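Visitor: Need a 3D model of the sequence below.
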Amino acid sequence: MQLQVARIGKPHGIRGEVTVQVLTDAPGDRFVPGTQFIVEPGSAGPLTVFSARWNKDILLLAFDEIETRNEAEGLRGAKLFIETEDIGAEDDDEGWYEHELVGLEVRVGDNVVGKVSALHTLPVQDLLVVTTDDGKEVLIPFVEQIVPEVNVAEKYVLVTPPPGLFEVNTDEAPEAQNPEAQNPAAQDPKAQGAAARNSEEQGNA
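Guide: This is a model prediction of the structure:
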């Protein structure tokens, strides 16, 4: 079985380096010089790591097979894979890969609320991208407290979202948080004037 460990981004510089989106918790082990990757699409590979270095939070890779910026541009969007046989026992707890999660049902209790459409791997915390049944995208922190169960065999993930998580991207959410939206008089000058006159009349009475 093949596991995706990176997605290639834009070229960096003129000597064939590329930026990559890291999809592994062990980049120091995955991107050492001499490592050979299976590439999707196949016409772009295989690729062998020549060098790996960090530019702030961005990993830059150079490959033996790529020498120019134009060649690097041709790799944009390519996916890098390794065979599972290349993964040692120390990597058993490395976590889930994007291709294992995409397409899984997302359940809240017994209710299916959408499907996993992507995994964003970030330095601080990974995020599941969930596409709901009505087509909206919701970002869910991929932590045990919120995603307590991932069942690849049964093709679902169980989430226990905090209140409002699935409403944060809806059109109704800003209105619900806007007191003026619930009080038409606050938006209508005529209604404000009538309210003021009523108040004066009650005071005079």
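Visitor: count of neighbours near the residue nearest to V112 when sequence neighbours are not counted?
Guide: Of all residues not flanking V112 in the chain, E105 sits nearest, at 5.2 Å (Cβ to Cβ, 6 or more residues apart in numbering). All C-beta atoms are positioned from the backbone trio N, CA, C, and that covers glycine. Using other Cβ atoms under 10 Å, E105 is surrounded by 16 other residues.
Visitor: Ramachandran coordinates for E105?
Guide: phi -60, psi 150 (degrees, to the nearest 10).
Visitor: which residues touch it?
Guide: E105 makes contact with V112, G114, K115, K155, Y156, V157 under the criterion Cβ atoms under 8 Å, 6 or more residues apart in numbering.
Visitor: can I assume T121 is in contact with A26?
Guide: No - with contacts counted by Cβ atoms under 8 Å, T121 stays clear of A26, the gap being 12.0 Å.
Visitor: what about these two, which has more around it?
Guide: Shown here are T121 and A26; by other Cβ under 10 Å, T121 has more neighbours (18 against 14).
Visitor: any idea how far the more buried one lies from F37?
Guide: To F37, T121 is 17 Å away according to Cβ to Cβ, to the nearest Å.
Visitor: Just give me the residue right at the centre of the chain.
Guide: H120 (2.6 Å; Cα atoms, centre = their mean).
Visitor: show me where the chain has helices.
Guide: 27-30, 69-73, 98-101, 172-176, 189-204 (DSSP state H).
Visitor: and the last one, average pLDDT?
Guide: Helix 189-204 shows a mean pLDDT of 49 in the predicted model.
Visitor: The third one now?
Guide: When pLDDT is averaged over helix 98-101, the result is 83.
Visitor: got it, and the second one?
Guide: Along helix 69-73, the predicted confidence averages to a pLDDT of 93.
Visitor: if we can go back for a sec, separate out the buried members of the contacts of E105.
Guide: Neighbour counting by 16 or more other Cβ atoms under 10 Å classes G114, K115, Y156, V157 among those as buried.
Visitor: Give me the subset of those residues lying in strands.
Guide: G114, K115, Y156, V157 (DSSP state E).
Visitor: Just the buried residues of stretch 111-128, please?
Guide: Of the residues in stretch 111-128, those with enough neighbours to count as buried (16+ other Cβ under 10 Å) are V113, G114, K115, V116, S117, L119, T121, D126, L127, L128.
Visitor: Then stretch 19-36?
Guide: T19, V20, V22, L23, T24, P27, R30, F31, T35, Q36.
Visitor: How about stretch 155-165?
Guide: By 16+ other Cβ under 10 Å, the buried positions in stretch 155-165 come out as Y156, V157, V159, P161, L165.
Visitor: Sweet, I'm off.
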